[in-house]
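1. Please find the sequence and the predicted model below.
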4 protein chains.
Amino acid sequence: MTEHIETLFEQFLQASDMPQKQQAVLTASLTLFAEKGFEATSTRDIATAANVAEGTVYRQFKTKAQILQAILQPFTEHVFPNAMNEFLQVVTQQQKMPFDQFLRLILRDRITFLFQNHNSAKVFLGELFKRPDMVQQMQELFVTRAQPIIADVIAQYQRSRQLVDWPAERIMRYIVGTVLSYILPVLLTNHTAKAIDDVVNESAEFLLRGLAPTN
Amino acid sequence: MTEHIETLFEQFLQASDMPQKQQAVLTASLTLFAEKGFEATSTRDIATAANVAEGTVYRQFKTKAQILQAILQPFTEHVFPNAMNEFLQVVTQQQKMPFDQFLRLILRDRITFLFQNHNSAKVFLGELFKRPDMVQQMQELFVTRAQPIIADVIAQYQRSRQLVDWPAERIMRYIVGTVLSYILPVLLTNHTAKAIDDVVNESAEFLLRGLAPTN
Amino acid sequence: MTEHIETLFEQFLQASDMPQKQQAVLTASLTLFAEKGFEATSTRDIATAANVAEGTVYRQFKTKAQILQAILQPFTEHVFPNAMNEFLQVVTQQQKMPFDQFLRLILRDRITFLFQNHNSAKVFLGELFKRPDMVQQMQELFVTRAQPIIADVIAQYQRSRQLVDWPAERIMRYIVGTVLSYILPVLLTNHTAKAIDDVVNESAEFLLRGLAPTN
Amino acid sequence: MTEHIETLFEQFLQASDMPQKQQAVLTASLTLFAEKGFEATSTRDIATAANVAEGTVYRQFKTKAQILQAILQPFTEHVFPNAMNEFLQVVTQQQKMPFDQFLRLILRDRITFLFQNHNSAKVFLGELFKRPDMVQQMQELFVTRAQPIIADVIAQYQRSRQLVDWPAERIMRYIVGTVLSYILPVLLTNHTAKAIDDVVNESAEFLLRGLAPTN
DNA sequence: AATGAATGAGGTTTCATTCAT
DNA sequence: AATGAATGAAACCTCATTCAT
């Protein structure tokens, strides 16, 4: 049950019978964009890395920006929503699970996902900085789809006094912030991270303290 | 004692009696870099935005990269040193300050700085994503200059049982993560943030729970 | 006895059992060349307009220039030869035909041809402007093949005092100029022209006055 | 009192203090467009012919199409209207002149103009074939400005029985057609033309016959 | 100091044409 | 015969940088 985006990506491409060279273009682009950034990557770089003539880069994608879009699109249209759906299923089905177990579950899930896809995540986050529209889009997706369900779960745990009585948004904020504190260094330095188990245990330990109910 | 970078700019410029037009170049560059990123901003864009001839852009700064450097320089020169000064003051003079007061002090200081300079921060973070050398440089700066002092302060609070007995790096990580959870949304959406007081109080409340010593 | 080039195309294609798709290539090319000019029309444009794969464009014609040639060929092969045939018929068989009747005959013939094939004519003239070699070629064709015969006919009518005693070239010039004065507006604006009968009558009336013998 | 457009063009450019190299770009472009056509002329060709770096071509004009526009614009905006105004002044002031003298006057005027500017005229006419909007624009200019005045003059000559009683449009058509019959060969072959005097005399002779009043 | 024209290397993109299927 | 992917040369254009004024 891989969530490795590059693998999913290749499967997705093979399924849509895109020529192998075009796949190579996209794969090479993803790697280079992650390494050097979108602007610093020339189409000649891409052609060379993909072992392809320069004109081939433009057979399927009419502009360099469309290559980026083709890489980002499965992200925003499939990977992200799918991940969210899977995640939400877990959330809604296992309401009986104690909060600490539940927290570990989602931490493991998301941290694994991000560690596996740090290359894609790097491109994605890097672009997010210059594309307010993309941020907007993701935000709406989250607010309409995930927010209500998550808020519901949080309310349940608050009723059963397993979770501090703060607004759902604030609780989510700290969970995300804590995950980022482990992920960002990896994205920025490309150093291999700690073992996922350690990360999950550490962050869960911290969050359970910080989010424990008062008294 | 403002740390607003545009104010710092002006001081810096007046000190080095840099002509007004050059000031305009820096201000325009900052805005454009934050909007579109460094690579996507052309020197002609800068000249136009600064209401200056194209050649003028190159009078003070010999390359486009030097403009970026001039923008980021106060950032790198103030973000760590000032944080360290706070620590040093506490460590050397006011060792009796309780941890919660100390935590609020640094949180307020850093959050204020970041909110005031969110444009520069955006450029800074955006560049960090594609300049491993810059990350390296910041990391060394941190490890050699800040790390020892911070570790010392943390050890003190741990000895006086005001702080959980975790490695200094881990404690720093959560503080930074929590700050980021408030700052990143502002950088990505350019929406005005909450009042700084609220942010400081909320984040301090959370961190003090999460970082409270065991038993 | 149509001289409509699209009809000629079809005959030509059926004769050489050229596949339907190739026919589509030629038709599409003609339209696009007339609209945008030869150089501004890409082979991909042609393929798209002909509803054909890009490679198919090159099955019958080895280069893009050959497509143009195939389009212009019936034009160059019919515009002079047919005019000459009319002359020849008159000269050899019906030398008694009065000049005004003869003039109307050729005028009707050529004007009909041009109105029916205004698309091809547009391409033809447009190309003439940037292909001195083509002009040269047409000129030679005219001088060697048409000129002698025409001169002969003109001389006959001059001898019988039905035609002013000017050099053949000058007489031809005015006939062509008068025809152009009706054709060019159609080519440039694509507006539907007057009825051919009116054009023939008007231009004949004018030419017969201008070319009447002295006294 | 030159009407040589390239001279007027250069004067116009010098008046608008455009840098010399930019003038060179326009001059070279005009020559090359006339020689090879717009599409067949590369920006490198232009740079080489203007003795200028390739980037220089794009300093003043942002696209290749804008170069063409810059060449055509004085044509449609100044040269053409000015020529028309001068022409119309002559037409309206000298109403007492006999028709044959008047005809010679305008023939000489327009033929001289076209012979002098056959280079520009070639580019102009060549473009006319692919720009219905430009044709439309010229047409409106002519219809609104020239048509009424010319029609008036024609009516006067018709009243004094010096001119056949045809619609003004038809009479103009034949005059233009006859002029074209002398000009087009020059544009197409670039061969030096006959002496202007001869052309004027010949065409006037023909037109005076064709346009003589009935009886 | 300031201007803006000029440069030329290099980037993106187009396009006629070839080729494997 | 037909397809459409692939090619690579060359086109258009951008841009950081230099230079004459």
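-> Yep, that arrived. Numbers count the residues shown, from 1 in each chain, chains lettered A, B, ... in the order given.
2. now chain A, which segments are flagged as low pLDDT?
-> Within chain A, the stretches with pLDDT under 70 are A:1-3, A:5, A:8, A:79, A:94-95, A:193.
3. please redo it, this time with the cut-off set to 50
-> For chain A, the stretches with pLDDT under 50 are A:1.
4. Identify each buried residue in the top helix by length along it, please.
-> Counting residues, the longest helix in chain A under DSSP state H turns out to be helix A:168-189. Using 16 or more other Cβ atoms under 10 Å in any protein chain shown as the test for burial, helix A:168-189 gives A:168, A:170-188. Every C-beta, even on glycine, is put in place using the N, C-alpha and C of the backbone.
5. near DNA strand F, which residues of chain A show up?
-> Contact residues (Cβ under 7 Å from any atom of the strand) of chain A with DNA strand F: A:19-22, A:52-56, A:58-60.
6. Would stretch A:107-124 count as contacting chain B?
-> Yes. Stretch A:107-124 is in contact with chain B by Cβ under 8 Å from any Cβ of the partner chain, via A:Lys122.
7. Between the two ends of that stretch, what distance do you get?
-> 20 Å (Cα to Cα, to the nearest Å).
8. can you pull the buried residues of it?
-> Counting neighbours by 16+ other Cβ under 10 Å, one finds that the buried residues in stretch A:107-124 are A:107-111, A:113-124.
9. is any part of the longest helix of chain A close to chain B?
-> Yes. Applying Cβ under 8 Å from any Cβ, one finds helix A:168-189 in contact with chain B at A:170, A:173-174, A:176-182, A:184, A:187-189.
10. Closest to DNA strand F out of these?
-> A:Leu188 (24.3 Å; Cβ to the nearest atom of the strand).
11. right, and the closest one touches B:Val135 too?
-> Yes. Using Cβ atoms under 8 Å, A:Leu188 is in contact with B:Val135, at 4.8 Å.
12. what's in contact with whatever helix or strand A:Leu107 lives in?
-> A:Leu107 belongs to helix A:99-116 when assigned by DSSP states H and E. For helix A:99-116, contacts defined as Cβ atoms under 8 Å, 6 or more residues apart in numbering or on different chains pick out A:2-5, A:83, A:87, A:90-91, A:94, A:97, A:121, A:153, A:157, A:162-163, A:175, A:179, A:182-183, A:186, A:193, A:196, A:199-201, A:203-204, A:207-208.
13. so how far is that helix from its chain's centroid?
-> 12 Å (Cα atoms, centre = their mean, to the nearest Å).
14. For the following helix or strand past that helix, name the packing helices and strands.
-> Toward the C-terminus, helix A:99-116 is succeeded by helix A:118-128 as the next helix or strand (DSSP H and E). Counting contacts by 3 or more Cβ pairs under 8 Å, 6 or more residues apart in numbering or on different chains; DSSP states H and E, helix A:118-128 is packed against helix A:5-15, helix A:20-36, helix A:64-74, helix A:132-141, helix A:168-189.
15. Now do helix A:118-128 against helix A:132-141, angle only.
-> 110 degrees (axes from the mean of the first three to the mean of the last three Cα atoms, to 10 degrees).
16. on that earlier part again, between the residues of helix A:168-189 next to chain B, which sits nearest DNA strand E?
-> The closest of the residues of helix A:168-189 next to chain B, once distances to DNA strand E are taken by Cβ to the nearest atom of the strand, is A:Leu187, at 23.1 Å.
17. By proximity to chain D, which residue of chain A wins?
-> Closest to chain D within chain A is A:Thr63: 17.3 Å, counting by Cβ to the nearest Cβ.
18. gap between the residue lying closest to A:Glu39 once chain neighbours are set aside and chain C?
-> Leaving aside its chain neighbours, A:Glu39 sits nearest to B:Glu39 (3.5 Å; criterion: Cβ to Cβ, 6 or more residues apart in numbering or on different chains). Separation of B:Glu39 from chain C (Cβ to the nearest Cβ, to the nearest Å): 31 Å.
19. do the same with A:Glu86
-> To chain C, A:Glu86 is 41 Å away according to Cβ to the nearest Cβ.
20. Tally up the residues packed near that residue, please.
-> Residues within reach of A:Glu86, counting by other Cβ atoms under 10 Å in any protein chain shown, total 14.
21. helix or strand for it, which one?
-> Assigned by DSSP H and E, A:Glu86 falls in helix A:80-93.
22. Now that helix: buried residues?
-> Result for helix A:80-93 [16+ other Cβ under 10 Å]: buried residues A:80, A:83-84, A:87-88, A:91.
23. do stretch A:138-150 as well
-> A:138, A:141, A:146, A:150.
24. got it, and stretch A:130-139?
-> Of the residues in stretch A:130-139, those with enough neighbours to count as buried (16+ other Cβ under 10 Å) are A:130, A:134-135, A:138.
25. Check whether that stretch comes near chain B.
-> Yes. Stretch A:130-139 comes into contact with chain B (Cβ under 8 Å from any Cβ), by way of A:130, A:132, A:135-136, A:139.
26. Looking at the residues you listed, spot the one nearest DNA strand F.
-> A:Lys130 (14.2 Å).
27. how near is the nearest residue to that closest one once chain neighbours are set aside to DNA strand E?
-> Closest residue in space to A:Lys130, ignoring its immediate chain neighbours: B:Gly37 at 5.1 Å, by Cβ to Cβ, 6+ apart. B:Gly37 is 14 Å from DNA strand E, where distance means Cβ to the nearest atom of the strand, to the nearest Å.
28. B:Gly37 touches A:Phe129, doesn't it?
-> Yes. In this structure B:Gly37 lies within contact range of A:Phe129 using Cβ under 8 Å: 7.2 Å.
29. Please identify every residue contacting each of these two.
-> B:Gly126.
30. hang on, the earlier thing: and the helix holding A:Leu107 with helix A:5-15, angle?
-> Here helix A:99-116 runs at an angle of 70 degrees relative to helix A:5-15 (the same axes, to 10 degrees).
31. Now do helix A:99-116 and helix A:168-189, the angle between them.
-> 30 degrees.
32. between helix A:99-116 and helix A:80-93, how big is the angle?
-> 160 degrees.
33. just to revisit the earlier point, could the buried residues of helix A:80-93 go into JSON lines alongside distance to D:Leu26?
-> Compiled in JSON lines, the buried residues of helix A:80-93 are given as follows (distance: Cβ to Cβ, whole Å):
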{"residue": "A:Phe80", "distance to D:Leu26": "53"}
{"residue": "A:Ala83", "distance to D:Leu26": "58"}
{"residue": "A:Met84", "distance to D:Leu26": "59"}
{"residue": "A:Phe87", "distance to D:Leu26": "63"}
{"residue": "A:Leu88", "distance to D:Leu26": "65"}
{"residue": "A:Val91", "distance to D:Leu26": "68"}
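34. Flag every residue of chain A that's near chain B.
-> With the criterion set to Cβ under 8 Å from any Cβ, chain A comes near chain B through A:36-37, A:39-40, A:122, A:125-126, A:128-130, A:132, A:135-136, A:139, A:164, A:170, A:173-174, A:176-182, A:184, A:187-190, A:202, A:206-207, A:209-212.
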